[in-house]
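A.B. asks: Just a sequence and a predicted model for now, questions to come.
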Amino acid sequence: MAPATSPSIGRESAARHSAFFDLAGRNSLIVGGSRGIGRAIAERFHDAGANVCIVGRSASSTQEAVGEVLSSGRKVVGVAADANDPTAVDAAHRKAERLIGPIDILIITAGVVGPSAPVWAYDLNTFNEIIAVNFMGTVHWLRAALPSMRARRHGSIVTFASVAGKEGNPQQSAYCAAKAAVMALTKSVAKEVVADGIRVNCIAPGIVATDMSLGIPSDTRNYILSKVPMGRMGLPQEIAAVAHLLASDEAGFTTGQVYDASGGRATY
């Protein structure tokens, strides 16, 4: 099923509404910002006035994204880091703060679905890698960013899970388990830092038209689409709009929440 498009959704729409969800002068760090949902968030935040640091796994993909997002008036920079390496994550966070200033907004979108297989046939090394990227990568970025935010008593963090972490998809046990863990982690950390003036929320998208989703085997993808009441994939720009709200002061009374963006799939 081809993803639907809408001329009213996207970068032009973000620019029209940026005055309401103003991010002028904010410094945002977007993990996984070189492609897919993260890239759409980088573009939207830039249009809303924020300085943007894009984090990708490779320097080449990160710098390519920076060049395409960049326009006059605000900083857009890039750093490369492997989310599985806490030392590299710490170094990338320090570099980002040197380049654009103290991070006000942290978005953690980096993730990988992995191969499709039943749990008894899943290669254990691969299973552990999926858990590491999707869950421990989120942990590493939270640990890197929170000390600075706590010292300034200000910050907004948005993690990324998946509706698959709520409902489960066959053949994707590692990914689903990791995303369920991200939701629990978000709720716990939100309670730990609420007195520090930091908000932590989570977005749980359904299937979205990105390279990652389009790379899923067709039978698995069709199964997932069959569960979506809207009958289509989401657009990265639609998910970016939710991240924009949660990052902005308009959501100042919201923390520890999981926001679905699943085309109506989620049941709780």
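C.D. replies: Right, received. Where do you want to start? Keep in mind the model is a prediction, meaning the values are calculated, not measured.
A.B. asks: Show me the strands in the stretch 151-268 of the chain, by range?
C.D. replies: Counting by DSSP state E, counting those that start in this stretch, the stretch 151-268 of the chain has strands at residues 155-160, 198-205, 258-261.
A.B. asks: Could you dump the ones you listed into TSV and include mean neighbour count and distance to Lys75?
C.D. replies: For the C-beta atoms, the positions are set from N, CA and C on the backbone; glycine is no exception. Below are the strands of the stretch 151-268 of the chain laid out as TSV (neighbours: other C-beta atoms under 10 Å; distance: least, C-beta to C-beta, whole Å):
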stretch	mean neighbour count	distance to Lys75
strand 155-160	25	18
strand 198-205	25	23
strand 258-261	20	28
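A.B. asks: now the ones you listed in a markdown table, with distance to Ser116?
C.D. replies: Formatted as a markdown table, the strands of the stretch 151-268 of the chain follow (distance: least, C-beta to C-beta, whole Å):
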| stretch | distance to Ser116 |
| --- | --- |
| strand 155-160 | 20 |
| strand 198-205 | 19 |
| strand 258-261 | 23 |
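A.B. asks: For the protein, give me the ranges with low pLDDT.
C.D. replies: 1-19, 58-74, 267-268 (pLDDT under 70).
A.B. asks: Check it and tell me which residue is nearest its centre.
C.D. replies: Ranked by distance to the mean C-alpha position of the chain (C-alpha atoms, centre = their mean), the top residue is Thr109 at 2.4 Å.
A.B. asks: so it sits right up against Arg35, yeah?
C.D. replies: No - Thr109 lies out of contact with Arg35 (C-beta atoms under 8 Å); the separation is 9.3 Å.
A.B. asks: coming back round to it: just so I know, which of the strands of the stretch 151-268 of the chain lies nearest Val182?
C.D. replies: strand 155-160 (5.5 Å; C-beta to C-beta).
A.B. asks: Each with direction, which strands does the closest one pair with?
C.D. replies: Take DSSP bridges as the rule and strand 155-160 pairs in its sheet with strand 105-108 (parallel), strand 198-205 (parallel).
A.B. asks: Mind putting the ones you listed into TSV with distance to Met183?
C.D. replies: What follows is the strands paired with strand 155-160, written out as TSV (distance: least, C-beta to C-beta, whole Å):
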stretch	distance to Met183
strand 105-108	13
strand 198-205	6
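A.B. asks: quick one: the helices in the stretch 1-150 of the chain?
C.D. replies: 11-17, 36-47, 59-69, 86-100, 124-131, 137-152 (DSSP state H, counting those that start in this stretch).
A.B. asks: Packed most tightly, which of these would that be?
C.D. replies: Burial of the helices of the stretch 1-150 of the chain is given as mean neighbour count (mean count of other C-beta atoms under 10 Å); helix 36-47 ranks first at a mean of 27.
A.B. asks: Going by contacts, tell me the helices and strands next to it.
C.D. replies: For helix 36-47, the packing partners by 3 or more C-beta pairs under 8 Å, 6 or more residues apart in numbering; DSSP states H and E come out as helix 11-17, strand 27-31, strand 51-56, helix 59-69, strand 105-108, helix 236-247.
A.B. asks: on that earlier part again, out of the strands of the stretch 151-268 of the chain, which gets nearest to Gln172?
C.D. replies: Going by C-beta to C-beta, the one of the strands of the stretch 151-268 of the chain nearest Gln172 is strand 198-205, 14.4 Å.
A.B. asks: what is the orientation angle of that closest one with helix 137-152?
C.D. replies: 150 degrees (axes from the mean of the first three to the mean of the last three C-alpha atoms, to 10 degrees).
A.B. asks: what separates strand 198-205 from the chain centre, distance-wise?
C.D. replies: How far strand 198-205 lies from its chain's middle: 9 Å, per C-alpha atoms, centre = their mean, to the nearest Å.
A.B. asks: before we move on, what about stretch 39-55?
C.D. replies: That offset, for stretch 39-55, works out to 12 Å (C-alpha atoms, centre = their mean).
A.B. asks: Output the longest helix belonging to this protein.
C.D. replies: helix 173-193 (DSSP state H).
A.B. asks: Extract the C-alpha trace of that helix and format it as PDB.
C.D. replies: Extracted in PDB, the C-alpha atoms of helix 173-193 (Å, rounded to 0.1, in the frame of the first residue of the first chain):
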ATOM      1  CA  SER A 173      10.100  -9.800  19.300                       C
ATOM      2  CA  ALA A 174      13.400  -8.100  19.900                       C
ATOM      3  CA  TYR A 175      12.200  -4.700  18.400                       C
ATOM      4  CA  CYS A 176       8.900  -4.900  20.200                       C
ATOM      5  CA  ALA A 177      10.500  -5.800  23.600                       C
ATOM      6  CA  ALA A 178      13.000  -2.900  23.200                       C
ATOM      7  CA  LYS A 179      10.300  -0.400  22.400                       C
ATOM      8  CA  ALA A 180       8.200  -1.500  25.400                       C
ATOM      9  CA  ALA A 181      11.200  -0.900  27.500                       C
ATOM     10  CA  VAL A 182      11.700   2.600  26.100                       C
ATOM     11  CA  MET A 183       8.200   3.500  27.200                       C
ATOM     12  CA  ALA A 184       8.800   2.300  30.800                       C
ATOM     13  CA  LEU A 185      12.100   4.000  30.900                       C
ATOM     14  CA  THR A 186      10.600   7.300  29.800                       C
ATOM     15  CA  LYS A 187       7.900   7.100  32.500                       C
ATOM     16  CA  SER A 188      10.500   6.300  35.200                       C
ATOM     17  CA  VAL A 189      13.000   9.000  34.100                       C
ATOM     18  CA  ALA A 190      10.200  11.600  33.900                       C
ATOM     19  CA  LYS A 191       9.500  11.100  37.600                       C
ATOM     20  CA  GLU A 192      13.200  11.300  38.400                       C
ATOM     21  CA  VAL A 193      13.700  14.700  36.900                       C
END
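A.B. asks: Thanks a lot, catch you later.
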